[in-house]
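*Asks:* A structural model of the following input is requested.
(one chain, ligands or ions: 1)
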Amino acid sequence: MRMTRYFVPVLKETPAEAQIASHRLMLRSGMVRQAAAGIYSWMPLGYRVLKRIEDIVNQEQIRAGHIPLLMPTLQSAALWRESGRYEDYGEEMLRICDRHGRDLLYGPTNEELITDIFRSHVNSYRDLPLTLYHVQWKFRDEIRPRYGVMRGREFLMKDGYNFDVDKASAIHSYNRHMVSYLRTYERMGLKAIPMRADTGPIGGDHSHEFLVLADTGESEVFFDDSILELSLGDRNIDYDCVQTCSAIMEEWTAPYSRTDETHDEALYRASVPEGRRRQSRAIEVGQIFYFGTKYSEPMGATVSDRDGRRVHVHMGSHGIGVSRLVGAIIEASHDEKGIVWPEPVTPFPVGILNLSQRDSNAEAVCQMIYGELVKKGLEPLYDDRDERAGAKFATMDLIGLPWRITVGSRSLAKGVVELSRRSDGESENIVPEHAAERIAEIYAAHF
Ligand code: P5A
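*Replies:* Below you'll find the model as predicted:
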């Protein structure tokens, strides 16, 4: 993409309303624009990142055997009256009345709607286990939307729902989600720690939140430092294997880790050696729940079991804050100059920066590198504006692409261009013909 043909409405001034780095940087780099309190338009650059995150989420869901579908944003209030949550949900629910006087709502979550789909079409234990999920916009009329996309009113969530014939099978679904979430966050370059959590309006008594450490996070967390050393790496995981998933679940939940809602000071002191006790702020980027028959009973979602008896299905639900993750990744990865995108979610793999825009040779070299990168499926962002070098560097640093190829008359006279890394500024000179190949090698390690 050529910058002169793109749309990146960067801001020169830091917007006064933004209190945390990610919100500031997303506004300044033209990734989002507020449409109303807690409601954002995703500008081209922000939209690319959102899609990258959504792609990783989808790939990992499908790898775990979960099935994508798409439910609407608007739901009928009648279903929520069946579960009893229409009144209980309170003021966070946006209630709408259509022209016929029928009550609708903008879905804050989809347990009722998915249970309705399930009960209408599934009849037998033979069709289980089943996990359906979608990535869809949600609305929660948060009393205090803040921190940009972190606590929005309209936000993008991946929400999945498992249906199992009994508790043991549902616990496997829960563990499988835990494992697939760990892998999902790891692929984004994030350390997300599972922590025992409260269940709030979703219900049940079995839940974990996934938290990313950040000073600006809204949660207070207490954990055993040793949990930070755990990693799935490139383990080959069989998601259908009960033992594999429960062993990984055990591994990650053995060290103490809890949010302030479930924190037990006595247990913490007794089970974590003093030198390993850590207390921090953190951002909740996902949560998983097992709630048994909380929805299937009032809504009559049953299947016939092996003995021909009708039983209520056991369910859980599992959410990832897709739009929140954009902010969380920036909180975890930025410096004083701007964003530092991890390779797996960057909007463009590399930026080409032309310091000598009016030199036809420099333009030809940039175009050659651009063409080679596109051939390799790595579309770069080419800053071809007729701007001062300083302004171009500042924009690239703000936008935060992980790699930059700088082309200028002076270095071309020596037959080289500069390849540099955003995270530490490390750079090297390479011949222009090798530039695209080098970028391809770097990215091959990630995909
Ligand atoms: C699980 C999926 C649920 O709603 N029902 C379906 C369950 N869980 S949750 O914890 O309430 O939400 C899941 C994740 O969504 C993100 N999230 C938000 N992101 C941005 N702005 C908000 N206002 C907001 N509220 C929730 C969080 O990442 C949360 O973990």
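*Asks:* the closest residue to Arg310 other than its chain neighbours pairs with what?
*Replies:* Nearest non-adjacent residue to Arg310, counting by Cβ to Cβ, 6 or more residues apart in numbering: Thr302, 4.5 Å away. The way it works is simple: take the backbone N, C-alpha and C, and place the C-beta from them, glycine included. Counting by DSSP bridges, Thr302 is bridged to His312.
*Asks:* name all residues that make contact with Thr302.
*Replies:* Going by Cβ atoms under 8 Å, 6 or more residues apart in numbering, Thr302 touches 119, 296, 310-313.
*Asks:* for the stretch 301-447 of the chain, which residue gets nearest to the ligand?
*Replies:* Going by Cβ to the nearest ligand atom, the ligand is nearest to Gly321 of the stretch 301-447 of the chain, at 2.3 Å.
*Asks:* quick one: that residue from Ile62, how far?
*Replies:* 20 Å (Cβ to Cβ, to the nearest Å).
*Asks:* and these two? Which one has more around it.
*Replies:* Higher neighbour count among Gly321 and Ile62: Gly321, with 25 against 13, using other Cβ atoms under 10 Å.
*Asks:* pretty sure that one sits against Glu284.
*Replies:* Yes: Gly321 is in contact with Glu284 according to Cβ atoms under 8 Å; the separation is 7.3 Å.
*Asks:* quick one on the thing from earlier: now the contacts of Thr302 as TSV including distance to Arg95, neighbour count and pLDDT?
*Replies:* Formatted as TSV, the contacts of Thr302 follow (distance: Cβ to Cβ, whole Å; neighbours: other Cβ atoms under 10 Å; pLDDT from 0 to 100):
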residue	distance to Arg95	neighbour count	pLDDT
Arg119	24	18	98
Ser296	25	23	98
Arg310	34	10	97
Val311	34	16	98
His312	29	18	98
Val313	29	27	98
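*Asks:* what is the burial count for Gly152?
*Replies:* Here the count is done by other Cβ under 10 Å, and Gly152 has 26 residues near it.
*Asks:* for stretch 399-419, buried residues please.
*Replies:* Buried residues in stretch 399-419, counted by 16 or more other Cβ atoms under 10 Å: 399-408, 411-412, 416-419.
*Asks:* give me the distance from that stretch to the chain's centre.
*Replies:* 32 Å (Cα atoms, centre = their mean, to the nearest Å).
*Asks:* could you work out the end-to-end span of stretch 296-309 for me?
*Replies:* End-to-end distance of stretch 296-309 (Cα to Cα, to the nearest Å): 15 Å.
*Asks:* okay, buried residues for it please.
*Replies:* Neighbour counts over stretch 296-309 (16+ other Cβ under 10 Å) mark 296, 298-299, 301-303 as buried.
*Asks:* again, but for stretch 80-99
*Replies:* Across stretch 80-99, burial judged by 16+ other Cβ under 10 Å covers 80, 82-83, 85-86, 89, 93-94.
*Asks:* flag the shaky bits of the protein, pLDDT-wise.
*Replies:* Counting by pLDDT under 70, the chain contains low-confidence ranges at 446-447.
*Asks:* what two of the buried residues of stretch 296-309 are the furthest from one another?
*Replies:* Pro298 and Val303 (16.4 Å; Cβ to Cβ).
*Asks:* what's the longest strand in this protein?
*Replies:* The strand that spans the most residues within the chain, counting by DSSP state E, is strand 277-292.
*Asks:* kindly export that strand (C-alpha atoms) in CSV.
*Replies:* Provided in CSV are the C-alpha atoms of strand 277-292 (Å, rounded to 0.1, in the frame of the first residue of the first chain):
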residue,chain,number,x,y,z
ARG,A,277,4.7,-13.4,45.3
ARG,A,278,3.6,-10.9,42.7
GLN,A,279,0.8,-8.3,42.8
SER,A,280,0.0,-6.2,39.7
ARG,A,281,-2.6,-4.5,37.6
ALA,A,282,-3.8,-6.5,34.6
ILE,A,283,-6.2,-6.4,31.6
GLU,A,284,-8.8,-9.1,31.3
VAL,A,285,-8.6,-10.3,27.7
GLY,A,286,-10.9,-13.4,28.0
GLN,A,287,-13.0,-15.5,30.3
ILE,A,288,-14.3,-19.1,30.3
PHE,A,289,-17.3,-20.5,32.2
TYR,A,290,-18.9,-23.8,33.0
PHE,A,291,-22.4,-23.3,34.2
GLY,A,292,-24.0,-26.8,33.9
